[in-house]
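Asks: Output the structure for:
(3 chains)
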Amino acid sequence: MAALTTRELAKLVDGELRGSGDRLVVDVAPLSDATEHHVTFLEGAAAEGRPRTNAGAVFLTPKHADVFGPDNTSEFILTPAPLDAFVKVMLRFRPVAERPSVGISPAANVCRSAKLGQDCHVFPGVTIDEFVEIGDRCVIHPGAYIGAGCKIGNDATIHANAVLYPRMRLGDRVIVHATAVIGADGFGFQFQNGEFIRIPHTGTVRIEDDVEVGAGTTIDRAMIGETVIGAGTKLDNQVMIAHNCRIGRHNAFASQVGLAGSVTTGDYVRCGGQVGVADHAHLGTGCSLGGKAGVHGRVPDGEDYHGYPAGPAKETYRIAMAVQKAPEMRKQIRSLEKQVQELQSRLAESDVLRVSAPAA
Amino acid sequence: MAALTTRELAKLVDGELRGSGDRLVVDVAPLSDATEHHVTFLEGAAAEGRPRTNAGAVFLTPKHADVFGPDNTSEFILTPAPLDAFVKVMLRFRPVAERPSVGISPAANVCRSAKLGQDCHVFPGVTIDEFVEIGDRCVIHPGAYIGAGCKIGNDATIHANAVLYPRMRLGDRVIVHATAVIGADGFGFQFQNGEFIRIPHTGTVRIEDDVEVGAGTTIDRAMIGETVIGAGTKLDNQVMIAHNCRIGRHNAFASQVGLAGSVTTGDYVRCGGQVGVADHAHLGTGCSLGGKAGVHGRVPDGEDYHGYPAGPAKETYRIAMAVQKAPEMRKQIRSLEKQVQELQSRLAESDVLRVSAPAA
Amino acid sequence: MAALTTRELAKLVDGELRGSGDRLVVDVAPLSDATEHHVTFLEGAAAEGRPRTNAGAVFLTPKHADVFGPDNTSEFILTPAPLDAFVKVMLRFRPVAERPSVGISPAANVCRSAKLGQDCHVFPGVTIDEFVEIGDRCVIHPGAYIGAGCKIGNDATIHANAVLYPRMRLGDRVIVHATAVIGADGFGFQFQNGEFIRIPHTGTVRIEDDVEVGAGTTIDRAMIGETVIGAGTKLDNQVMIAHNCRIGRHNAFASQVGLAGSVTTGDYVRCGGQVGVADHAHLGTGCSLGGKAGVHGRVPDGEDYHGYPAGPAKETYRIAMAVQKAPEMRKQIRSLEKQVQELQSRLAESDVLRVSAPAA
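Replies: Residues are numbered from 1 along each chain as shown, chains lettered A, B, ... in the order given. Below you'll find the model as predicted:
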């Protein structure tokens, strides 16, 4: 792991150096943990207030050039995209380890009728069932199960103990993390004579290119037709996608999000953690749902929805603020009721007086 | 896959034909995806508004006989239960694939003391531990683990990488989906000298006949006694059932539902997605909880509860509607306060006038 | 399983006997299931109201000595800590079964470069990758995967089908339950040219001594640096800990809790089920979050927070109570508006009268 001077760092990321340029850096580190031989970066929330770091060097935007106090001994490298610069340098200091090239492990169970492409790695304990077709350069980690008739594209990675039920379709560069389950039967039953009778689910799941499926995430097969995850979409851990959902392209769902059956989404939809979406709802292109939001019906394109039941963020916020005042409002109402009563009685009596007045 | 005429379809499901009867259908499809050689069905929400389909044939109820526009070229088959008819035809067009008959795979690890019934299939990578007893016609998919002393009935299916801890009891026709975990130690600790000390969980889990356990669902063992899942109950994916819960018969829990310790339920209880139930709560027979509901205490038999904290659906709805008006209410209160003040001062002054009046 | 007399029981737990002392007990059971030859215990909520049991003997506190009716035929053993007494006796009646001593199963896949300590058990279907280091007396259950370069302390237990990604660090006596996933890549992407580009996660996860990780729980690796779970912390099933979180010592999180990225917690933090915590939030030492709470920002040390958005429990409760009255409040406001209008008109007219009065 060769050291780099701050001058070399600045050159490497094409940034503007503020400092001697001679300081030596040997690795990357987070703002708070970095020491004199680390380079870190400043971006977003971390830049607010008065940040501190012991890092030898910091990537940051020109806008933030002066946020560190004079007591901060770092050298600074100005760049419009500090995180990009940081990642570039991280990969220089920490080249991604090559997996040992195992090929098809003799401790894997691969059916004769399965077809694998070039340069695939299949680790011990993997089972690849009948008539599976896998593209080139795929890696199947220990304990994963690829069900009969599954088709997987090129450069896909299936992590340890993940499960693909039969007849799934995965595109190129798909990543399925550990223990994720793709293609379990949807939760569909007919209620007859007091019992739930399973509706056979003969559909499948189609996962397009560049999708990432988080650890423990489950995506159910369609009853008929397909459950679809659009190209470039990223699902975090423990996400639930029910049968017949059709997720658009480049969606991003945080962990523990749950979609009921037949939900559809446009492109570039974002869901915060633990969002729940009722069956047959639609999330419009570019919309965004705040953490824990609970959604029925339709969310319009580009809208930012929060809360449970979910509504437009601004509106939801106004309501939440008002709700905080509910106890006070009850007091105010009680006091108003008293005052009005008093006014009524006073006015009544003043009428009496007035009526008697002429008599005087 | 033999084609069927619409006349043959009508005959097969004992329905009333509206059309030529000569059209050929080769497969089933959803309303929206179907083309001229598909049969589809119309039921529930899909029937509202003005449905459209390119399907060659549609199963639908007499009530909906005329919902399709004149421009809709489908032939119609009237039947009181369109979905039943559809499933019947689907299984005709798509016979459920027989699993290859592997018997006990040599790549499975089955302890000598384990007893398996007739016609069981045990796939590669399965481990069946000491003194396990499994009935007839059970299928254990790759990577599943059956802990020591487990007893499983007839016709059960354990999917890939599912885990049964030691001494579980499963009835007949139970289905356990991939990566589900049955019998992990309950989350019970004693807090002593600033540390959590595990309370040994020596109880078990008993799963009765015809139960289905979703992918990634976890059911913890009891501390003592049993955690029980009643006959016919269906649990969707990523459901959590904590130690010592006693779930009744024919319950249906949607995905990501969580029950804390010692919860009891009657029969025919339904929970929407992401419902949470506090420890020792009771869900009465036939009650239903809306998605994301949060429940403490008791839900009466047959009640429909929503919200967090959960209450009777109607009441919860009334409150939610009123809460939407909270910002407006604050305005109204402020305005009332002004008006009342004004009234008070006007009345005060009119009293002065009146008192002076007689002097005139 | 030797029987014990109630006298022997009382002696064993150093308790005060209320009864003949001659009754024979052969096992433990819950209050509700116990029969004449069982001992049970009474503690907490169960002691409220009028408990009933058919148990031959009951451990309970002096305070509760008389809560059982005269018709209750149990003998009683008074002790300040009934649960402790119960556990002690349970372990006497039900000694924890020793796992058969398998050593390293020939059906496990252990890389040559891996180092295992003394008296480890590695079950069939386990894969232990290159350069793994495992301490003494560890048990790795069937189908578990230990990624390259992981380091595990002494007396750790990894349950069936659990997954450790490469380079994890686990301390002594750590328990990882079935299908838990430690070290998947954090959910971190850069959004460039309309696509999410994964930010390489080169950090790791460090799990300190005596931590327990529940079934299906996922803990993501840090982007750089470490995701940390402090000593003695217990995580229930299906908990999600995102990248770069730093959890303190002796925390206890119930099932389905989700923490977003870079959350920090003090020591002795407790979270109820389904709690959600937004990224970069902080949970202060000794604070407690009620089930389903949704948290942003900071929770002060020792505070008890509830609700969504979460606030101090008392405050949240007051607000929730007031919100229940929202529909009534709307009615009251409408009625006040009417009365005030009426007052205004009456006052107006009385002014007219008064003005005309002198003319009389």
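Asks: just for the stretch 201-350 of chain A, where's the confidence low?
Replies: Applying pLDDT under 70 to the stretch 201-350 of chain A picks out residues A:350.
Asks: Just the closest residue of it to chain C, please.
Replies: Relative to chain C, the nearest point of the stretch 201-350 of chain A is residue A:326 (3.6 Å; C-beta to the nearest C-beta). Heads up, the C-betas are built off the backbone N, CA and C, glycines and all.
Asks: Contact partners for that residue?
Replies: Residues near residue A:326 by C-beta atoms under 8 Å, 6 or more residues apart in numbering or on different chains: B:326, C:319, C:322, C:323, C:325, C:326, C:329.
Asks: So residue A:330 versus chain B, what's the distance?
Replies: 10 Å (C-beta to the nearest C-beta, to the nearest Å).
Asks: and that residue, what element?
Replies: helix A:326-356 (DSSP states H and E).
Asks: That helix: how far from the chain's middle?
Replies: With C-alpha atoms, centre = their mean, to the nearest Å as the basis, helix A:326-356 stands 56 Å off its chain's centre.
Asks: quick one, that helix and helix C:326-356 angle?
Replies: Computed by axes from the mean of the first three to the mean of the last three C-alpha atoms, to 10 degrees, the angle separating helix A:326-356 from helix C:326-356 equals 20 degrees.
Asks: Okay, buried residues for helix A:326-356 please.
Replies: A:326-327, A:329-330, A:332-333, A:336, A:339-340, A:343, A:346-347, A:350, A:354 (16 or more other C-beta atoms under 10 Å in any protein chain shown).
Asks: just stretch A:13-25 next, same as before
Replies: Under 16+ other C-beta under 10 Å, the buried positions of stretch A:13-25 are A:13, A:15, A:17, A:18, A:19, A:21, A:23, A:25.
Asks: Dump that stretch to PDB, keeping only the CA atoms.
Replies: Taking C-alpha atoms only, stretch A:13-25 is exported to PDB below (Å, rounded to 0.1, in the frame of the first residue of the first chain):
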ATOM      1  CA  VAL A  13      -8.400  13.700  -8.200                       C
ATOM      2  CA  ASP A  14      -7.700  16.900 -10.200                       C
ATOM      3  CA  GLY A  15      -8.400  19.000  -7.100                       C
ATOM      4  CA  GLU A  16      -7.000  22.300  -5.800                       C
ATOM      5  CA  LEU A  17      -4.500  21.900  -3.000                       C
ATOM      6  CA  ARG A  18      -4.600  24.000   0.100                       C
ATOM      7  CA  GLY A  19      -1.500  23.100   2.100                       C
ATOM      8  CA  SER A  20       2.100  22.100   1.800                       C
ATOM      9  CA  GLY A  21       1.500  19.200  -0.500                       C
ATOM     10  CA  ASP A  22       4.200  17.200   1.300                       C
ATOM     11  CA  ARG A  23       2.100  15.400   3.900                       C
ATOM     12  CA  LEU A  24       2.000  11.600   3.500                       C
ATOM     13  CA  VAL A  25      -1.300   9.700   3.500                       C
END
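Asks: and it with chain C, contact?
Replies: No: against chain C, stretch A:13-25 shows no contacts by C-beta under 8 Å from any C-beta of the partner chain, the least distance being 13.6 Å.
Asks: pLDDT (mean, whole number) over that stretch?
Replies: Stretch A:13-25 carries an average pLDDT of 93.
Asks: Over to stretch A:122-134?
Replies: Here the average pLDDT along stretch A:122-134 is 96.
Asks: so what's the most centrally placed residue in chain A up against?
Replies: Against the mean C-alpha coordinate of chain A, by C-alpha atoms, centre = their mean, the closest residue is residue A:254 at 2.6 Å. Residue A:254 is in contact with A:236, A:271, A:272, A:273, A:274, A:275, A:291, C:187, C:260, counting by C-beta under 8 Å, 6+ apart.
Asks: which one of these is nearest chain B?
Replies: Closest to chain B, out of all of these and judged by C-beta to the nearest C-beta, is residue A:274, at 7.3 Å.
Asks: Touching, that closest one and residue C:259? I think so.
Replies: No: counting by C-beta atoms under 8 Å, residue A:274 sits too far from residue C:259 to count as a contact (10.9 Å).
Asks: How about the stretch 201-350 of chain A: which residue is closest to chain B?
Replies: Closest point on the stretch 201-350 of chain A to chain B, by C-beta to the nearest C-beta, is residue A:322, at 3.6 Å.
Asks: who touches that residue in this structure?
Replies: B:326, B:327, B:329, B:330.
Asks: Wasn't it part of a helix?
Replies: Yes: the assignment for residue A:322 is a helix, going by DSSP: H, G, I helix; E, B strand; the rest coil.
Asks: Distance of the closest residue to it other than its chain neighbours relative to residue B:240?
Replies: Spatial nearest neighbour of residue A:322, chain neighbours left out: residue B:326 (3.6 Å); criterion: C-beta to C-beta, 6 or more residues apart in numbering or on different chains. Per C-beta to C-beta, to the nearest Å, residue B:326 is found 34 Å from residue B:240.
Asks: would you list the contacts of residue A:326 in JSON lines and tack on distance to residue B:127?
Replies: What follows is the contacts of residue A:326, written out as JSON lines (distance: C-beta to C-beta, whole Å):
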{"residue": "B:326", "distance to residue B:127": "58"}
{"residue": "C:319", "distance to residue B:127": "53"}
{"residue": "C:322", "distance to residue B:127": "57"}
{"residue": "C:323", "distance to residue B:127": "53"}
{"residue": "C:325", "distance to residue B:127": "59"}
{"residue": "C:326", "distance to residue B:127": "57"}
{"residue": "C:329", "distance to residue B:127": "62"}
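Asks: and the residues you listed, which two are the farthest apart?
Replies: C:319 and C:329 (13.0 Å; C-beta to C-beta).
Asks: Could you tell me which residues of the stretch 101-250 of chain A lie near chain C?
Replies: Residues of the stretch 101-250 of chain A lying near chain C (C-beta under 8 Å from any C-beta): A:105, A:107, A:123-125, A:141-143, A:159-161, A:177-179, A:210, A:212, A:214-216, A:232, A:234, A:236-238, A:250.
Asks: Go again with 10 Å.
Replies: Within the stretch 101-250 of chain A, the positions lying close to chain C (C-beta under 10 Å from any C-beta of the partner chain) are A:105-108, A:123-126, A:141-144, A:159-162, A:175, A:177-180, A:210, A:212, A:214-217, A:231-239, A:249-250.
Asks: burial of the closest residue to residue A:149 other than its chain neighbours, as a residue count?
Replies: Of all residues not flanking residue A:149 in the chain, residue A:167 sits nearest, at 4.5 Å (C-beta to C-beta, 6+ apart). Other residues near residue A:167 come to 19 when the count uses other C-beta atoms under 10 Å in any protein chain shown.
Asks: With the one 4 residues further on instead?
Replies: A count of neighbours around residue A:171, defined by other C-beta under 10 Å, yields 20.
Asks: hang on, isn't it packed against residue A:229?
Replies: Yes: using C-beta atoms under 10 Å, residue A:171 is in contact with residue A:229, at 9.3 Å.
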